[in-house]
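Q: Fold the following and give me the result.
(one chain, ligands or ions: 2)
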Amino acid sequence: MKNIYKNTTSNLNKAKKFLKKCNVIAVPTETVYGLAGNAYSDLSIKKIYKLKKRPKKNPLIIHYYNIKSLKKDALIDNNFLKLYKKFSPGPITYVLKKRKDSKISSLANRNLKSIAVRFPKNIVARKLLKKLNFPLAIPSANISASISPIKASDVIDEFGKKIKFILDGGSANIGLESTVINLIGKIQILRPGAISSDQIGYILKKKVTILRKVKKITAPGLLKRHYSPGIPIKLNSKKADYKAAFIVFGKKYRNNKNVFNLSQTGNLKEAAKNLYKTLRKIKNLKYKKINVAKIPNKNLGIAINDRLKRASN
Ligand code: TXA
Ligand code: MG
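A: Ligands and ions are numbered 1, 2, ... in the order given. Below is the predicted model:
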């Protein structure tokens, strides 16, 4: 497809040119594809919000190549250092105090005192970040509240021709957005993801909980309706309703045209990777309703259930 570009040096240089001119492009990460813009530029950030139709109160994650490039923008402490050493680059986002002299556009963090930062692991994203002398604001490359993209063509499914340049990095390895952990004041997970609260708690030597209730601006990521195919979804179903698509997990389900198994072998990692792909497929097949079987609420199942719950709101 015309606006999808392979991971070559010349295309990475093209991407750099777009970003320097404050244009928005799509990039792969190991979690989901994102819309990237220069995080130091108000204009780039405005374009991202407009393209995504994103509510103004919802701040963006700033993506860096490494900790050295972060130091100009955020205050870092011991807890951050421990987690960074263990999990980054990787699918985890840290909420830190923003430095007063940081050049990050205040439109990107909606004027909060904090910024959310992440170090993606995807090799294409890393090559690109390494070439730049500014960090990138990268929200998921979907229209706000819709299903996140896990491959280049999903970005076209979301935006049509509006995104002129999409860097191809293959299918996202993880398929669910990063874990967001707040490190200011009470340490808490704001959005569950591939890195679990147990893994984080083990490194910090304390119990780390997952925020349940939607609070106002401190955890805007927990917007109630999100990741949604725009079709009614019923969770914890034993069977499919009339003419509904049935999303299931594990070997006890029989194959059928309307049955979509996230993982026949009952593997939560595989299920996470298949979730958005399956929701997008069901949406494009024009089903009017979705039933979802019970999915174990442990490990990655917590993140899967979190997304399904929000999709069903
Ligand atoms: O895996 C990911 O994180 C992907 C890829 C593209 O990196 N990005 C992503 O971005 O999921 P987005 O914009 O779809 O979600 C950002 C989340 C939101 O839930 C937002 O509310 C939260 O991060 N967030 C951003 N800044 C924050 C802040 N200062 N305090 C608390 N939450 C923040
Ligand atoms: Mg998103």
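
Q: OK, contacts around Ile62?
A: Contacts for Ile62 were tallied using Cβ atoms under 8 Å, 6 or more residues apart in numbering; they are 39, 73, 104, 108-109, 115-118, 135-137. In this view, the C-beta of every residue, glycine as well, is placed from N, C-alpha and C.

Q: Identify the bridge partners of it.
A: Ile62 has these beta-bridge partners by DSSP bridges: Val117, Ala137.

Q: how close does it get to Ser105?
A: For Ile62, the distance to Ser105 equals 10 Å [Cβ to Cβ, to the nearest Å].

Q: Need the residues touching each of these two.
A: What both Ile62 and Ser105 touch, as defined by Cβ under 8 Å, 6+ apart, is the set 39, 137.

Q: Any idea how far apart the tips of stretch 116-132 sit?
A: End-to-end distance of stretch 116-132 (Cα to Cα, to the nearest Å): 19 Å.

Q: Give the buried residues for that stretch.
A: Under the neighbour-count criterion of 16 or more other Cβ atoms under 10 Å, stretch 116-132 has 116-122, 124-129, 132 buried.

Q: Just the ones of the residues you listed in helices?
A: When these are checked against helices (DSSP state H), the matches are 124-129.

Q: Widest-spaced pair of those?
A: With Cβ to Cβ as the measure, no two of these lie farther apart than Val124 and Leu129, at 9.8 Å.

Q: Next, Val248: phi, psi?
A: phi -130, psi 170 (degrees, to the nearest 10).

Q: show me the contacts for the nearest residue to it once chain neighbours are set aside.
A: Here the nearest residue to Val248 in space, its sequence neighbours aside, is Ala293; by Cβ to Cβ, 6 or more residues apart in numbering that works out to 4.3 Å. By Cβ under 8 Å, 6+ apart, Ala293 lies in contact with 236-238, 246-249, 253.

Q: Swap in 6 Å and give it another go.
A: With Cβ atoms under 6 Å, 6 or more residues apart in numbering as the criterion, the residues that contact Ala293 are 237, 248-249.

Q: Turn those into JSON lines, columns for pLDDT, neighbour count and distance to ligand 1.
A: Converted to JSON lines, the contacts of Ala293 look like this (pLDDT from 0 to 100; neighbours: other Cβ atoms under 10 Å; distance: Cβ to the nearest ligand atom, whole Å):
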{"residue": "Ser237", "pLDDT": "97", "neighbour count": "17", "distance to ligand 1": "27"}
{"residue": "Val248", "pLDDT": "98", "neighbour count": "25", "distance to ligand 1": "26"}
{"residue": "Phe249", "pLDDT": "98", "neighbour count": "25", "distance to ligand 1": "22"}
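
Q: Specify which member of those is nearest to Thr93.
A: Once Cβ to Cβ is applied, the member of these that ends up nearest Thr93 is Phe249, at 26.3 Å.

Q: which stretch of helix or strand covers the residue of the chain positioned farthest from its centre?
A: Distance from the C-alpha centroid of the chain peaks at Tyr242, with 32.6 Å (Cα atoms, centre = their mean). Tyr242 belongs to no helix or strand when elements are defined using DSSP states H and E.

Q: returning to what we had before: phi, psi of the residue nearest to Val248?
A: Ala293 adopts backbone torsions of phi -70, psi 170, taken as degrees, to the nearest 10.

Q: how close does it sit to Lys252?
A: Distance, Ala293 to Lys252, by Cβ to Cβ: 9 Å.

Q: Might you list the low-confidence residue ranges for the stretch 1-150 of the chain?
A: 1 (pLDDT under 70).

Q: In it, what residue spans correspond to strands?
A: 4-5, 25-27, 34-38, 61-63, 74-75, 92-98, 114-118, 136-137 (DSSP state E, counting those that start in this stretch).

Q: The last one vs ligand 1: in contact?
A: No: with Cβ under 6 Å from any ligand atom as the measure, strand 136-137 is seen stopping short of ligand 1, the closest distance being 8.4 Å.
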